[in-house]
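Any chance you could fold what I've pasted below:
(chains A and B)
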Amino acid sequence: MDLITQVQDKLDHLLYVFGTCIGVLQRDAPPSSFTPQQQPPQEPWEVPPKMAIQVIETSKLIESYIEKLPGFDKTEDEQYEDLRNLNNESKEISAQHQMSRNEAIEVLKLVKDSIRFISEESKKVEKEEEEEEDKLEKEKYDKITNK
Amino acid sequence: MQNNVSPPQQQAQQIENVSAFPPPPQFYKLYLNYTKDQFKDRENKEKIDTTTTNNNNNNNNNEEKQQSQDDQQQMNVDDDKDKKKDKKAELNKPLPPPIPPKMGSHYVQFGQNYSTVDMLPSLDESGSKQLYPKGDIEPIAELKKLNRSILFNYLQLLETLIENPTNYQKKIDDISLLFINFHHLLNSYRPHQARETLLSIMNEQIKQKFQSNETIKKSLEICKESIKKSFNHLQVETTNPITPNPNINPQSTDGLAQTSQPQKPQQNQNNDINMGETNWMDQLLDEMLEIN
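The predicted structure follows:
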């Protein structure tokens, strides 16, 4: 989720916390006397400080998100300039990438040609070996028959 | 819950539910099976009509079966066929969709007015007061100000609720206005954020391309090294018949040596590596072709 939406969500959450806090205070606050002197000693109510902390935490979180919002220190023209530069850089790198790719294709071709050459060569060798063997055998046979 | 509701109430509820959404467009019956059914109904009607007219004709003519009347009847049947075809075509032809609103005008959707031009309406246009200054502003500082104002106004609202609870409405309106301003200011910076996102995506793409380029180059270097080693090895084998490769017959290597090619290309190859990688490979390819 993008940061602006996150800030907006947090802001809506702050509003929700506001409403909840007031609702809880209205519902659960202990009754108070009209004359402060007659107020009976009570156990301290722990909820309001917690609610206050929640409100402040949410508010601080929003502030930290605001500070993190990207590129708010740049003007529109600066952004377009950056985009142009990055586009040029991207084109250059793409050209380099294409060159490397072509080179790789050529090397692959070379390797394939080499393998083909080696296989053809080995076939030739085998054939010659066979012929040589046949010749030798024939010579032997001739010798035997002459004897 | 629904079982307890009496039929009239149910009906009312249904009507409410239906009215919550817009009705289907008028032309929905032209599609799917609606068209077929409609066409069948029409066709049946047509058939009944034609048979009745034919019967009438027959009755009128009674037993006088003249050639001319037969011809006329034939023509009537032809006309009916043409009409049927026309109607079929008319039914199959979908209605044209409504003309889209012109640029700059407004249109109604779900009971609300929308503009055809996508732009954020200003706060004044939407009926709220703009709390931050117009023109060039520092958004971060303004947002922080608004955030603190919201907190301050909330405290004031709590005070009002303690001191004078009946005056709560004014403070709530203030807080509402602050929230509207906050959201509006954030929304007005959405195009800015979109451009920033585009920048980060492009940066990421460039990084990826650079990395893949480097990987290809490294792999290429390794390949070239191994090819070079293999060629050198072959060279040693061809020039040194004392240690022949078991797979290669000395005779064939002699045959290669007779062409006096292997020694020379090896030198060329070494030179070409210094000159340039592409030349090196071209030379090797030439060498291969020459040997072949």
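
right, and A:V17 touches A:V55 too?
Yes - here A:V17 reaches A:V55: they are 5.7 Å apart, a contact under Cβ atoms under 8 Å. In this view, the C-beta of every residue, glycine as well, is placed from N, C-alpha and C.

Specify the helix with the largest residue count in the chain.
With no chain named, the answer covers chain A. Secondary structure assigned by DSSP state H gives helix A:76-146 as the longest helix of chain A.

Please refer instead to chain B.
From DSSP H, the single longest helix across chain B is helix B:190-239.

touching chain A at all, that helix?
Yes - contact between helix B:190-239 and chain A, assessed by Cβ under 8 Å from any Cβ of the partner chain, occurs at B:190, B:192-193, B:195-200, B:202-203, B:205-206, B:209-210, B:212-213, B:216-217, B:219-220, B:223-224, B:227, B:230.

neighbours around whatever residue of chain A ends up closest to chain B, how many?
Residue nearest to chain B within chain A: A:G71 (3.6 Å; Cβ to the nearest Cβ). A:G71 has 18 neighbouring residues, counting by other Cβ atoms under 10 Å in any protein chain shown.

in chain B, what spans have low per-residue confidence?
Flagging of chain B using pLDDT under 70 yields the residue ranges B:1-20, B:27, B:30-95, B:238-292.

State which one residue of it is found closest to chain A.
Taking Cβ to the nearest Cβ, chain A has its nearest neighbour within chain B at B:E196, 3.6 Å off.

What sits closest to the one residue sitting closest to the centre of chain A if chain neighbours are left out?
Nearest to the mean C-alpha position of chain A, by Cα atoms, centre = their mean, lies A:M1 at 14.3 Å. Ranked by Cβ to Cβ, 6 or more residues apart in numbering or on different chains and with sequence neighbours excluded, the top spatial neighbour of A:M1 is A:D9, at 7.9 Å.

Please apply the same query to B:P133.
B:E142 (8.0 Å).

The one you found and B:K134 touch, don't they?
No - if you go by Cβ under 8 Å, B:E142 and B:K134 don't touch, sitting 11.3 Å apart.

ok so, going back, confidence score at the residue nearest to A:M1?
On pLDDT, A:D9 comes in at 95.

tilt between the host helix or strand of it and helix B:190-239?
Using DSSP states H and E, A:D9 falls within helix A:3-28. Relative orientation of helix A:3-28 versus helix B:190-239 (axes from the mean of the first three to the mean of the last three Cα atoms, to 10 degrees): 130 degrees.

Which strands and helices lie in contact with helix A:3-28?
In terms of contacts (3 or more Cβ pairs under 8 Å, 6 or more residues apart in numbering or on different chains; DSSP states H and E), helix A:3-28 is packed against helix A:47-68, helix B:139-163, helix B:168-188, helix B:190-239.

who's in contact with the second one?
Spelled out, that is helix B:139-163. Contact partners of helix B:139-163, identified using Cβ atoms under 8 Å, 6 or more residues apart in numbering or on different chains, comprise A:7, A:14, A:18, A:22, A:55-56, A:59, A:62-63, A:66-67, A:69, A:72-73, B:131-133, B:167-168, B:170-172, B:174-175, B:178-179, B:181-182, B:185-186, B:189.

again with the third one
The set of residues external to helix B:168-188 that reach it, using Cβ under 8 Å, 6+ apart, is A:4, A:7-8, A:11, A:15, A:18, B:120, B:123, B:128-132, B:139, B:142-143, B:146-147, B:149-150, B:153-154, B:156-157, B:160-161.

go on, stretch A:2-9?
Counting by Cβ under 8 Å, 6+ apart, residues outside stretch A:2-9 touching it are A:1, A:62, A:65-66, A:68-70, B:143, B:183, B:186-187, B:189-190, B:193, B:197.

what comes up buried for it?
Going by neighbour count (16 or more other Cβ atoms under 10 Å in any protein chain shown), the buried part of stretch A:2-9 is A:3-4, A:7-8.

and if you look at stretch B:222-229?
Using 16+ other Cβ under 10 Å as the test for burial, stretch B:222-229 gives B:223-224, B:227.

quick check, nearest of these to B:P22?
Distance to B:P22, by Cβ to Cβ, is smallest for B:C223 among the buried residues of stretch B:222-229, at 65.2 Å.

give me every residue that touches that closest one.
So B:C223 contacts A:104, A:107, A:111 (Cβ under 8 Å, 6+ apart).

Report the secondary structure state of B:D118.
The three-state label given to B:D118 by DSSP: H, G, I helix; E, B strand; the rest coil is coil.

And it, its phi and psi?
phi -80, psi 100 (degrees, to the nearest 10).

Show the pLDDT at the nearest residue to B:M202 once chain neighbours are set aside.
Excluding its sequence neighbours, the residue lying closest to B:M202 (Cβ to Cβ, 6+ apart) is A:L86, at 4.4 Å. Here, the pLDDT recorded for A:L86 equals 94.
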